[in-house]
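Asker: Could you look at this predicted model? Sequence included:
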Amino acid sequence: QVQLVESGGELVQAGGSLRLSCVASGRTFGSYAMGWFRQAPGKERVFVAAISSSGTTYYRDSVTGRFTISRDNAKNTVYLQMNSLKPEDTAVYSCAASLTFPLLATRVASWGKGTQVTVSS
């Protein structure tokens, strides 16, 4: 399994941008589908975006057109570029690795601890 460490979360004003990063340990990063989930206070964790080992991407409807997921296999890193942020994007964002795609929470092999994103209005 890979170990995942996220970074990049912070407080930002509505309309602003952030880029989250998730660095994975191990030499098999390229074999994993990678994704981002988020959990807002008092709510369940939900899927945000995913990218396959070959670069296919998909997103939850509410972030389509605003968020972009990408990966750099040479750096063992997956990114989530978030633009036009809204207060409802406030959540803890967690990175996930899976050997299956589409990426389902029930099939995640490794989770990161998360990074806090707070969007002020």
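Answerer: Structure's in. What do you need? Residues are numbered from 1 along each chain as shown.
Asker: Next up, the contacts around the residue nearest the centre of the chain.
Answerer: In the chain, the residue lying closest to the centroid (CA atoms, centre = their mean) is residue 36, at 2.4 Å. The neighbourhood of residue 36, defined by CB atoms under 8 Å, 6 or more residues apart in numbering, consists of 20, 22, 48, 49, 50, 69, 78, 80, 93, 94, 95, 96. Any C-beta I mention is one placed from the backbone N, CA and C, and that applies to glycine too.
Asker: try 10 Å this time
Answerer: Under the criterion of CB atoms under 10 Å, 6 or more residues apart in numbering, the neighbours of residue 36 are 6, 20, 22, 47-51, 59-60, 63, 67, 69, 78-80, 82, 93-96, 103, 112.
Asker: Just the pLDDT for residue 115.
Answerer: Model confidence at residue 115, expressed as pLDDT, equals 98.
Asker: Let me know the distance separating it from residue 74.
Answerer: In this view, residue 115 and residue 74 are 22 Å apart by CB to CB, to the nearest Å.
Asker: These two: who's more crowded?
Answerer: Of the pair residue 115 and residue 74, residue 115 is the one with more neighbours under other CB atoms under 10 Å, namely 22 against 8.
Asker: Could I get the average pLDDT for stretch 81-99?
Answerer: Within the predicted structure, the mean pLDDT of stretch 81-99 is 98.
Asker: and the end-to-end length of it?
Answerer: In stretch 81-99, first residue to last residue: 23 Å (CA to CA, to the nearest Å).
Asker: At which residues are the strands of the chain located?
Answerer: Using DSSP state E, the strands of the chain run over 4-7, 11-13, 18-24, 33-39, 46-51, 57-59, 67-72, 77-82, 91-98, 108-111, 115-120.
Asker: sorry, back to before: for the residue nearest to the centre of the chain, give me the pLDDT.
Answerer: We have a pLDDT of 98 for residue 36.
Asker: roughly how far apart are the closest residue in space to it that isn't next to it in sequence and residue 30?
Answerer: In space, and not counting its chain neighbours, residue 36 is closest to residue 48: 4.4 Å by CB to CB, 6 or more residues apart in numbering. Per CB to CB, residue 48 is found 21 Å from residue 30.
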